[in-house]
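Novice: I'd like to go over a predicted model; first the sequence, then the structure.
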Amino acid sequence: MAAVVNVNGRIGSEREALISVLDHGFLYGEGVYEVVCAYGGRPFLFDRHMRRMRTSAQMIALTVPYSDAELTAQVEATIAAFCERPENAGVGNLYVRLLLTRGVGEITYDPASCPRPSLVIIVKALGAFSSELYDGGVKVVIVSVVRNHPCSINPLIKSNNLLNNALAFQEALRRGAFEGVMRNYRGELAELSTSNLFVVKDDRALTPPLDAGLLSGITRGFVCEICEAVGLSVEQRVLHDEDLFGADESFLTSTTKEVVPIVQVDERAIGNGKPGPWTKRLLEAYRRRVKELTGGTEVAGGD
């Protein structure tokens with residue numbers, strides 16, 4: 001099923017989408033992005049994603065020349081164009097990716113050569129994971145790729161330059177895992193290549209602090225709120241390999257994956273090797289809360 005793409009206000013099929021090879025997003029990876037799930041066509045936690053995108057843009061001195069209302073209108077128009085296509089009839093949940101780049105300019109690092117940022121919005125079906133993923137859990141591995149040092153490329157920037165993450169994810173795939181756990185330069189656990197990390201120990205959810213070198217995940221924050229609502233205390237704490245190996249249970253969070261149980265790290269089982277009771281409760285509460293906030297829309301995990 002083909003995507004629909006909006007490039008600077010021009011909406012068409014993915015085959016029709018064009019952006020200049022002189023765009024600094026292509027040349028240098030200069031840009032920021034957000035991924036939003038649209039449940040039943042309704043973008044979820046969109047305001048939080050837009051706040052983070054503006055923060056990321058500010059950290060690379062990139063002006064966002066759009067109000068939230070203008071961005072919302074562009075996203076809604078792109079979703080409408082996707083849903084209007086006959087081949088997309090009946091598609092429920094959607095994957096929405098917004099990319100803002102430095103824009104088209106000269107082959108130079110000087111941002112002054114780029115008069116205006118480029119905005120790209122991609123909408124496609126949110127592919128659902130099988131129920132086995134959530135019922136049986138996944139294997140992750142601790143990879144050798146180290147998370148970017150905050151003084152080189154700050155992980156708090158949700159940057160289009162994802163080589164660090166891509167290399168970590170590719171190593172995990174080669175080792176037969178669903179995801180790769182990344183350490184920071186101090187050897188502490190930071191995050192996974194596309195997700196945030198939680199461990200549960202003695203009825204407490206523990207997650208690395210932001211200064212461990214991780215992205216401030218929107219779903220991570222939302223899940224922290226849900227933890228408190230279901231009676232599971234949350235603590236940001238520096239974590240090491242042994243904290244993960246010795247966890248009672250563990251899970252990862254992301255916008256498109258929601259809450260996924262981790263049952264194996266490297267060749268070691270987490271807890272009894274099955275999704276833990278807190279993880280199951282959180283996933284149920286997460287999906288229930290999404291339905292409440294989106295007017296009863298059915299929720300399913302996506303890739």
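Specialist: Yep, it's here.
Novice: tell me which strands and helices the strand or helix carrying residue 51 is in contact with?
Specialist: When secondary structure is defined using DSSP states H and E, the element that contains residue 51 is helix 46-59. Using 3 or more CB pairs under 8 Å, 6 or more residues apart in numbering; DSSP states H and E as the contact criterion, the elements in contact with helix 46-59 are strand 31-39, helix 68-84, strand 94-101, helix 218-230. Every residue, glycine included, has its C-beta placed from N, CA and C.
Novice: Give me the nearest residue to residue 32, chain neighbours excluded.
Specialist: Once flanking residues are discounted, residue 32 sits nearest to residue 56: 4.0 Å by CB to CB, 6 or more residues apart in numbering.
Novice: Flag every buried residue along stretch 139-150.
Specialist: Using 16 or more other CB atoms under 10 Å as the test for burial, stretch 139-150 gives 139-143, 145-148, 150.
Novice: any idea where the helices of this structure begin and end?
Specialist: 24-28, 46-59, 68-84, 131-136, 163-174, 218-230, 241-245, 277-293 (DSSP state H).
Novice: Between the ones you listed, which one is closest to residue 108.
Specialist: Go through those one by one with CB to CB and the one that ends up closest to residue 108 is helix 24-28, at 9.1 Å.
Novice: got the CA positions of that closest one in CSV?
Specialist: The C-alpha atoms that make up helix 24-28 are tabulated as CSV, following Å, rounded to 0.1, in the frame of the first residue of the first chain:
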residue,chain,number,x,y,z
HIS,A,24,20.7,20.2,3.3
GLY,A,25,18.6,17.4,4.8
PHE,A,26,19.9,15.1,2.0
LEU,A,27,23.4,16.5,1.8
TYR,A,28,24.2,16.7,5.5
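Novice: Isn't residue 7 up against residue 118?
Specialist: Yes. In terms of CB atoms under 8 Å, residue 7 counts as a neighbour of residue 118; the distance is 7.4 Å.
Novice: sorry, back to before: so which of the buried residues of stretch 139-150 sit within strands?
Specialist: Using DSSP state E, the members of those that fall within strands are 139-142.
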